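> I need the structure of the sequence given here:
(one chain, ligands or ions: 2)
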Amino acid sequence: MTKIERLGVIGGGQMGGGIAEVSARAGIDVIVCEVNNDAARAGRARLWKSLDRAVQNGKLTEADRDETQSRLHFTTTLADFDDRDMVIEAIAEDEELKVKLFAELDKVLAAPDAILASNTSSIPIAKLASATERPNQVLGVHFFNPVPVLKLVELVPSLLTSAETVERASAFATEQLGKETIRAQDRSGFIVNALLVPYLLSAIRMLEGGFASAEDIDKGMVLGCAHPMGPLRLSDLVGLDTLKAIADSMYAEYAEPTYAAPPLLQRMLDAGLKGKKSGKGFYDYD
Ligand code: CAA
Ligand code: NAD
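Residues are numbered from 1 along each chain as shown. Ligands and ions are numbered 1, 2, ... in the order given. Okay, the predicted model is just below:
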């Protein structure tokens, strides 16, 4: 199985940055593509800060940090991905944007066996694959937030993905990055979000209905069920814009009320509250 030596990551936000970080730390050459120079600079600053934190926590030596940094490159030009063995798309959870991007990316990658992966939380992979001329090489490679901490990667082949593509992506995740994998059918939300998102939405409905305070809802699940964080703080971590987009695509797939975004979630987004990344959501962040 040919190893991934040159990786492209599209989107240097919290997930793209995390995927780039763990890949560069594993010795892979990584280019991150962002929408403009300001976004690329911001993505790079977040990544450098995360690597510095790893040094402070004793998880990385200064020499390893410097080597990792030398393997991380930033661009705003998708054409720079022409020599990549694999590209992982991690832009906003928007089907139209992702479909357009997959069509463009397909024209850029020169290697005949290059893998086109998406970190989408909920958008069916077949829709992205169908925008390309090589749907057999497209699959979902779904990481979890924060990427450097959480061990899981969900692998999601579409009806058109080849077995070889799945095996190569699996070897990349397990042997190169040291992650654990699970495999899911190409249904919106796959395994984890199909279970997690209705729970997060239920917590928002509970708050919206005045049933309990945000603090008590979260404390209930942390102390009563030993979750590392409560559902409202976790929603803030995921990003309320992302959570709403995931709920919408799951609702479009299943048309079941459990996936319907509660009005409070939309109202918070109308007010510019996106959770931790915007400094305010169910909680305030500095
Ligand atoms: N990058 C790197 N390391 C990080 C990190 C980050 N962003 N955030 C925390 N860490 C590390 C810390 O350095 C610390 O490491 P040590 O134990 O070695 O010191 C460790 O993680 C614990 O961190 P903290 O002590 O600061 O905080 P904590 O104990 O409260 O843990 C947490 C923070 C890791 C985020 C933890 O609360 C947690 O795991 N929460 C649940 C996260 C979760 O459920 N994620 C899934 C979201 S859903 C998803 O991802 C799918 C989707 O499609 C939406
Ligand atoms: P984010 O908002 O933190 O980052 C998205 C980044 O993509 C931004 O920096 C933006 O500038 C960039 N971007 C947008 N369009 C682009 C384009 N055409 N080219 C290059 N860059 C572009 O979002 P995120 O939380 O990192 O989520 C990214 C993807 O990962 C989404 O599909 C989301 O569903 C998925 N995901 C999110 C989480 C989570 O907990 N947030 C977990 C797993 C998967």
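> from here on, just use CA atoms for contacts and neighbour counts.
Noted.
> near ligand 1, which residues of the stretch 51-200 of the chain show up?
Within reach of ligand 1 by CA under 6 Å from any ligand atom, the stretch 51-200 of the chain has these residues: 121, 144-146, 148-149.
> let's see that with 5 Å instead.
121, 144-146, 148 (CA under 5 Å from any ligand atom).
> as CSV, these with pLDDT, secondary structure and distance to residue 199 would be great.
As requested, these are arranged in CSV below (pLDDT from 0 to 100; DSSP: H, G, I helix; E, B strand; the rest coil; distance: CA to CA, whole Å):
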residue, pLDDT, secondary structure, distance to residue 199
121, 98, coil, 15
144, 98, coil, 17
145, 98, coil, 17
146, 97, coil, 19
148, 96, coil, 24
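> quick one: the helices in the stretch 151-286 of the chain?
163-171, 192-208, 214-225, 231-238, 240-254, 263-270 (DSSP state H, counting those that start in this stretch).
> show me where pLDDT drops low in the stretch 101-250 of the chain?
In the predicted model of the stretch 101-250 of the chain, no residue satisfies pLDDT under 70.
> residues contacting the residue of it found nearest ligand 1?
Here the residue of the stretch 101-250 of the chain nearest ligand 1 is residue 144; by CA to the nearest ligand atom that distance is 3.4 Å. Residue 144 is in contact with 15, 150-153, counting by CA atoms under 8 Å, 6 or more residues apart in numbering.
> of those residues, list those near ligand 2.
The residues of the contacts of residue 144 that also fall near ligand 2, by CA under 5 Å from any ligand atom, are residue 15.
> and the contacts of residue 144, which are buried?
Burial by neighbour count, 16 or more other CA atoms under 10 Å: within the contacts of residue 144 this picks out 15, 151-153.
> now, these that are in strands?
Members of the buried ones among the contacts of residue 144 lying in strands (criterion: DSSP state E): 152-153.
> just the buried ones among the contacts of residue 144 now: which is nearest residue 91?
Of all these, residue 15 has the smallest distance to residue 91: 8.7 Å, by CA to CA.
> distance of the closest one from ligand 1?
Note on residue 15: its distance to ligand 1, by CA to the nearest ligand atom, to the nearest Å, is 8 Å.
> next one: phi and psi at residue 120?
Dihedral pair for residue 120: phi -50, psi 150, per degrees, to the nearest 10.
> follow-up on the earlier one: redo the contacts of residue 144 as JSON lines? Include distance to residue 82.
Putting the contacts of residue 144 into JSON lines (distance: CA to CA, whole Å) gives the following:
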{"residue": "15", "distance to residue 82": "22"}
{"residue": "150", "distance to residue 82": "30"}
{"residue": "151", "distance to residue 82": "30"}
{"residue": "152", "distance to residue 82": "29"}
{"residue": "153", "distance to residue 82": "25"}
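> mind listing what's buried along the longest helix that the chain contains?
Criterion DSSP state H: the longest helix present in the chain is helix 37-56. Buried residues in helix 37-56, defined by neighbour count with 16+ other CA under 10 Å: 39-40, 43-44, 46-48, 50-52, 54-55.
> any idea of the mean pLDDT in stretch 272-284?
Average pLDDT, stretch 272-284: 97.
> in that stretch, what counts as buried?
Buried residues in stretch 272-284, counted by 16+ other CA under 10 Å: 273-277, 280-282.
> could those go into CSV alongside distance to residue 175?
As requested, these are exported to CSV (distance: CA to CA, whole Å):
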residue, distance to residue 175
273, 39
274, 35
275, 34
276, 32
277, 31
280, 38
281, 37
282, 38
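> taking the residues you listed together, which two end up most distant?
Farthest apart among the buried residues of stretch 272-284 by CA to CA are 277 and 282. That separation is 12.0 Å.
> who touches both of those two?
Shared contacts of residue 277 and residue 282 (CA under 8 Å, 6+ apart): residue 236.
> near ligand 2, which residues of the stretch 51-200 of the chain?
Residues of the stretch 51-200 of the chain found near ligand 2 (CA under 5 Å from any ligand atom) are 90-93, 120-121, 144-145.
> what's the closest of those to residue 194?
Closest approach to residue 194 among those (CA to CA): residue 121, at 9.6 Å.
> secondary structure element holding residue 7?
If you go by DSSP states H and E, residue 7 is part of strand 6-10.
> hmm, back to that, any idea of the mean pLDDT in the longest helix of the chain?
For helix 37-56, mean pLDDT rounds to 97.
> so what touches that helix?
If you take CA under 8 Å, 6+ apart as the criterion, helix 37-56 is touched by 12-13, 17-18, 21, 32-34, 60-62, 65, 69, 74-76.
> nice, that's everything, thank you.
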